[in-house]
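1. below are the sequence and a predicted model for it; my questions follow.
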Amino acid sequence: MDKLIILTGPTAVGKSDLSISLAKRIGGEIISADSIQVYKGLDIGSAKITKKEMHGVNHYLIDVLDPKEDFNIYIFKEMAKEAIDKIYSNGKIPIIVGGTGFYIQSVIYDIDFEKEDNSTIRKELEEIADKKGSEYLHNKLKEIDETSAMKIHPNNIKRIIRAIEFYKLNNRPISEHNETERDKEPVYDVNYFVLNDKRELLYERINKRVDIMIEQGLVDEVKNLMEQGIDESYNSMQGIGYKEIVSYLNGKISLEQAVEDIKKNTRHFAKRQLTWFRREKDVKWIEKYEFNYDNERILSYMTEVMNND
RNA sequence: GGCGCCAUGGCCAAGUGGUAAGGCAAAGGUCUGCAACACCUCUAUCACCAGUUCGAAUCUGGUUGGCGCCU
């Protein structure tokens, strides 16, 4: 099987930095698994790596979409697969770097997402949810897909809608689809690394990083995007750091409040990411403090692990 | 020194005799097309001591701490 390296971890842990040295050492190229960094113009708030910081290492899935375009796991997977093939044909090793566990999973296990370009069903369901409440839709789901209904909490409107949508589009319950996909084995020779640090330190770094984003002009970045007509209804603007500043610019909250919200939401996000990675199988955790925060030592460990496989 | 007010989990905060609402933070979890999303679970014996009472966070007395006013 072809080699595929994953380097992930909670936001702000230092993935980008390490990924460059790793890529250089093993002859790799980087695919970003990040739902915000794909967008052009969303730089500061997404902590996007700069051209300079790339040090000549090829990066894929960064700055490839217009902020008005949609992005989702189906699109990600298609683009990621394409990038992987390209990297192999360059004679290099693909390294997926990014914090979106769901995206990473889709590539490793080659999870099937059929082309579904129809969004009217979803809109209709959203309207129904608005009018009649999630309870109503949950009951509807129970009629067509009992398994999913039991699994999805009645309050989780988004997942309920998706389950019903799937059924209407494919004429079979999503629970069935999930079951077959879940049993899949990795289609690559995967080395899955999760970079991590002590929680308090991570939170400190997050808080500090948000302050720096503000200093670097996050507000202007968002203002600029809004002037181009990109508001909170777009996927891109739902990213942490963007939606809060939009609220501030719309006069809903103070700047101080927005900054606090960004910090809090980012901390919550990091926590959720860790929950995801803990659940993922065959993961090699790299606790930075165990390596004295020395990237050299971390790199030797990583290469050692890869050679032993 | 005197008078008055206050004291509930990390923070904010209900409850004024019947066995501790809620929000936030923290922690844990779910996730198969919006995933930087959405959702779930979960945390106290009420400053301390003594008393009244079948029963007190809730009443009484005292102690400690804080706030305000007065001399």
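-> Cool, got the structure.

2. taking the mean pLDDT, what do you get for stretch A:221-229?
-> The predicted model assigns stretch A:221-229 a mean pLDDT of 96.

3. stretch A:151-158 too?
-> Average pLDDT, stretch A:151-158: 94.

4. ok, it near RNA strand B or not?
-> Yes. Judged by C-beta under 7 Å from any atom of the strand, stretch A:151-158 and RNA strand B are in contact via A:151, A:153, A:155, A:156, A:157, A:158. The C-beta positions use only the backbone N, C-alpha and C, and glycine is treated the same way.

5. is it true that residue A:232 touches residue A:239?
-> No. Contact status for residue A:232 versus residue A:239: not in contact, 10.4 Å apart, counting by C-beta atoms under 8 Å.

6. looking at chain A, which strand is longest?
-> Secondary structure of chain A read by DSSP state E shows that its longest strand is strand A:189-196.

7. what does that one rub up against?
-> With contacts defined as C-beta atoms under 8 Å, 6 or more residues apart in numbering, strand A:189-196 is touched by A:1-10, A:13-15, A:18, A:104, A:108, A:202, A:274, A:277, A:280, A:282-288, A:298, A:302, A:305-306, A:309.

8. around RNA strand B, pick out the residues from the stretch 101-250 of chain A.
-> By C-beta under 7 Å from any atom of the strand, the part of the stretch 101-250 of chain A that sits against RNA strand B consists of A:101-103, A:106, A:109, A:111, A:113-117, A:122, A:126, A:151, A:153, A:155-159, A:161-162, A:166, A:174, A:177-178, A:181-182, A:199, A:203, A:235, A:238-241.

9. check whether stretch A:29-40 contacts RNA strand B.
-> Yes. Using C-beta under 7 Å from any atom of the strand, stretch A:29-40 reaches RNA strand B at A:34, A:35, A:36, A:37.

10. widest-spaced pair of the residues you listed?
-> A:35 and A:37 (7.9 Å; C-beta to C-beta).

11. more neighbours: these two, which one.
-> The residue with more neighbours, out of residue A:35 and residue A:37, is residue A:37; 25 against 22, by other C-beta atoms under 10 Å.

12. just give the closest residue to residue A:49, not the sequence neighbours.
-> Leaving aside its chain neighbours, residue A:49 sits nearest to residue A:16 (4.8 Å; criterion: C-beta to C-beta, 6 or more residues apart in numbering).

13. about what we covered before: need the residues of stretch A:29-40 next to RNA strand B in TSV (columns: secondary structure and pLDDT).
-> Formatted as TSV, the residues of stretch A:29-40 next to RNA strand B follow (DSSP: H, G, I helix; E, B strand; the rest coil; pLDDT from 0 to 100):
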residue	secondary structure	pLDDT
A:34	coil	97
A:35	coil	96
A:36	coil	97
A:37	coil	97
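
14. pull up the pairing partners for the longest strand of chain A, direction included.
-> strand A:3-8 (parallel), strand A:283-287 (parallel) (DSSP bridges).

15. report the rounded mean pLDDT for the last one.
-> Right, strand A:283-287. The pLDDT scores in strand A:283-287 average 96.

16. what's that strand in contact with?
-> Applying C-beta under 8 Å, 6+ apart, the external contacts of strand A:283-287 come out as A:9, A:191-197, A:277, A:298, A:301-302, A:305.

17. quick one: buried ones out of these?
-> A:9, A:191, A:192, A:193, A:194, A:195, A:196, A:197, A:277, A:298, A:302 (16 or more other C-beta atoms under 10 Å).
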